[in-house]
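*Asks:* attaching a predicted model along with its sequence, questions to come.
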Amino acid sequence: MKKSFFSIFVFLLTITNFSFQAHAAGDVGKGKTIFDANCAACHDGGNNVIMPEKNLKKDTLAQNEMNSSSAITYQVTNGKNAMPAFGGRLSDEDITNVASFVLSQSEQGWD
(Lines give C-alpha, C1' and ligand atoms only; values in the text may rest on other atoms or scores of the structure.)
Protein backbone atom coordinates (compact mmCIF):
# COMPACT_ATOMS: atom_id res chain seq x y z
CA MET A 1 0.00 0.00 0.00
CA LYS A 2 2.78 2.42 0.93
CA LYS A 3 4.64 1.58 -2.28
CA SER A 4 1.53 2.25 -4.35
CA PHE A 5 0.87 5.55 -2.58
CA PHE A 6 4.50 6.60 -3.07
CA SER A 7 4.33 5.75 -6.79
CA ILE A 8 1.19 7.84 -7.22
CA PHE A 9 2.78 10.72 -5.30
CA VAL A 10 5.91 10.66 -7.48
CA PHE A 11 3.79 10.49 -10.63
CA LEU A 12 1.67 13.50 -9.60
CA LEU A 13 4.75 15.45 -8.59
CA THR A 14 6.36 14.74 -11.96
CA ILE A 15 3.26 15.82 -13.89
CA THR A 16 2.92 19.01 -11.83
CA ASN A 17 6.58 19.85 -12.34
CA PHE A 18 6.34 19.23 -16.11
CA SER A 19 3.24 21.42 -16.38
CA PHE A 20 4.96 24.22 -14.47
CA GLN A 21 8.04 24.03 -16.70
CA ALA A 22 5.88 24.38 -19.81
CA HIS A 23 4.77 27.83 -18.62
CA ALA A 24 7.99 28.80 -16.84
CA ALA A 25 9.91 29.32 -20.09
CA GLY A 26 8.66 32.88 -20.48
CA ASP A 27 7.35 35.77 -18.45
CA VAL A 28 3.54 35.71 -18.64
CA GLY A 29 3.21 39.35 -17.51
CA LYS A 30 5.57 40.62 -20.19
CA GLY A 31 3.87 38.29 -22.67
CA LYS A 32 0.51 39.92 -21.92
CA THR A 33 1.93 43.38 -22.60
CA ILE A 34 3.42 42.25 -25.92
CA PHE A 35 0.26 40.31 -26.84
CA ASP A 36 -1.94 43.34 -26.12
CA ALA A 37 0.25 45.55 -28.34
CA ASN A 38 0.79 43.12 -31.23
CA CYS A 39 -1.76 40.31 -31.22
CA ALA A 40 -4.98 41.43 -29.54
CA ALA A 41 -6.33 43.18 -32.64
CA CYS A 42 -6.95 39.74 -34.16
CA HIS A 43 -6.82 37.49 -31.08
CA ASP A 44 -8.53 39.47 -28.30
CA GLY A 45 -9.89 37.11 -25.66
CA GLY A 46 -8.29 34.14 -27.40
CA ASN A 47 -10.50 34.55 -30.45
CA ASN A 48 -9.51 34.91 -34.10
CA VAL A 49 -11.32 37.59 -36.12
CA ILE A 50 -9.93 36.38 -39.46
CA MET A 51 -10.40 32.61 -39.05
CA PRO A 52 -12.69 31.99 -36.04
CA GLU A 53 -12.04 28.24 -36.13
CA LYS A 54 -8.31 28.90 -35.51
CA ASN A 55 -8.74 30.54 -32.10
CA LEU A 56 -6.41 30.30 -29.11
CA LYS A 57 -8.73 28.28 -26.87
CA LYS A 58 -7.28 25.21 -25.16
CA ASP A 59 -9.20 22.59 -27.15
CA THR A 60 -8.52 24.30 -30.48
CA LEU A 61 -4.80 24.63 -29.74
CA ALA A 62 -4.69 20.91 -28.90
CA GLN A 63 -6.69 19.95 -32.00
CA ASN A 64 -4.27 21.91 -34.22
CA GLU A 65 -1.16 20.67 -32.37
CA MET A 66 -0.42 24.23 -31.25
CA ASN A 67 -0.58 23.55 -27.51
CA SER A 68 3.15 23.85 -26.81
CA SER A 69 5.51 26.74 -26.38
CA SER A 70 7.63 25.56 -29.30
CA ALA A 71 4.65 25.33 -31.69
CA ILE A 72 3.35 28.79 -30.75
CA THR A 73 6.85 30.27 -30.91
CA TYR A 74 7.34 28.85 -34.41
CA GLN A 75 3.96 30.19 -35.60
CA VAL A 76 4.51 33.67 -34.17
CA THR A 77 8.06 33.84 -35.54
CA ASN A 78 7.27 32.59 -39.05
CA GLY A 79 3.57 33.35 -39.52
CA LYS A 80 1.22 31.24 -41.62
CA ASN A 81 -1.59 32.03 -44.04
CA ALA A 82 -3.22 35.30 -42.89
CA MET A 83 -1.02 35.58 -39.79
CA PRO A 84 2.07 37.71 -40.37
CA ALA A 85 5.52 36.70 -39.17
CA PHE A 86 6.72 38.57 -36.11
CA GLY A 87 10.28 37.18 -36.19
CA GLY A 88 11.69 40.42 -37.56
CA ARG A 89 9.58 42.65 -35.32
CA LEU A 90 9.80 40.95 -31.93
CA SER A 91 12.81 39.52 -30.14
CA ASP A 92 13.06 35.79 -29.40
CA GLU A 93 12.48 36.59 -25.74
CA ASP A 94 9.35 38.61 -26.56
CA ILE A 95 7.97 35.73 -28.64
CA THR A 96 8.71 33.23 -25.85
CA ASN A 97 6.88 35.50 -23.42
CA VAL A 98 3.87 35.71 -25.76
CA ALA A 99 3.81 31.90 -26.07
CA SER A 100 3.82 31.56 -22.29
CA PHE A 101 0.99 34.08 -22.01
CA VAL A 102 -1.11 32.30 -24.65
CA LEU A 103 -0.63 28.90 -22.99
CA SER A 104 -1.40 30.34 -19.58
CA GLN A 105 -4.57 32.03 -20.81
CA SER A 106 -5.72 28.95 -22.71
CA GLU A 107 -5.45 26.94 -19.48
CA GLN A 108 -7.54 29.57 -17.67
CA GLY A 109 -10.18 29.85 -20.38
CA TRP A 110 -9.09 33.37 -21.36
CA ASP A 111 -10.76 34.88 -18.27
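*Replies:* Structure received. Numbering: from 1, shown residues only.
*Asks:* only C-alpha atoms for contact and neighbour calcs from this point on.
*Replies:* Noted.
*Asks:* residues touching D44, list them.
*Replies:* Shown in contact with D44 (C-alpha atoms under 8 Å, 6 or more residues apart in numbering): D36.
*Asks:* ok, it to I50 distance?
*Replies:* Distance, D44 to I50, using C-alpha to C-alpha, to the nearest Å: 12 Å.
*Asks:* show me the shaky parts of the protein.
*Replies:* 1-24 (pLDDT under 70).
*Asks:* if we go to 90?
*Replies:* 1-25, 111 (pLDDT under 90).
*Asks:* helices of that one, start to end?
*Replies:* For the chain, applying DSSP state H gives helices covering 2-24, 28-38, 40-43, 58-63, 69-78, 92-108.
*Asks:* count the neighbours of the residue lying closest to D27 once chain neighbours are set aside for me.
*Replies:* Using C-alpha to C-alpha, 6 or more residues apart in numbering and skipping the chain neighbours, the partner closest in space to D27 is N97 (5.0 Å). By other C-alpha atoms under 10 Å, the residues close to N97 number 26.
*Asks:* one more: S70?
*Replies:* S70 has 14 neighbours, counted by other C-alpha under 10 Å.
*Asks:* just to revisit the earlier point, contacts only, for the residue nearest to D27.
*Replies:* N97 touches 25-32, 34, counting by C-alpha under 8 Å, 6+ apart.
*Asks:* ok, now how distant is it from D59?
*Replies:* 21 Å.
*Asks:* and for E93?
*Replies:* Applying C-alpha to C-alpha, the value for E93 to D59 is 26 Å.
*Asks:* same thing with G79?
*Replies:* G79 is 21 Å from D59, where distance means C-alpha to C-alpha.
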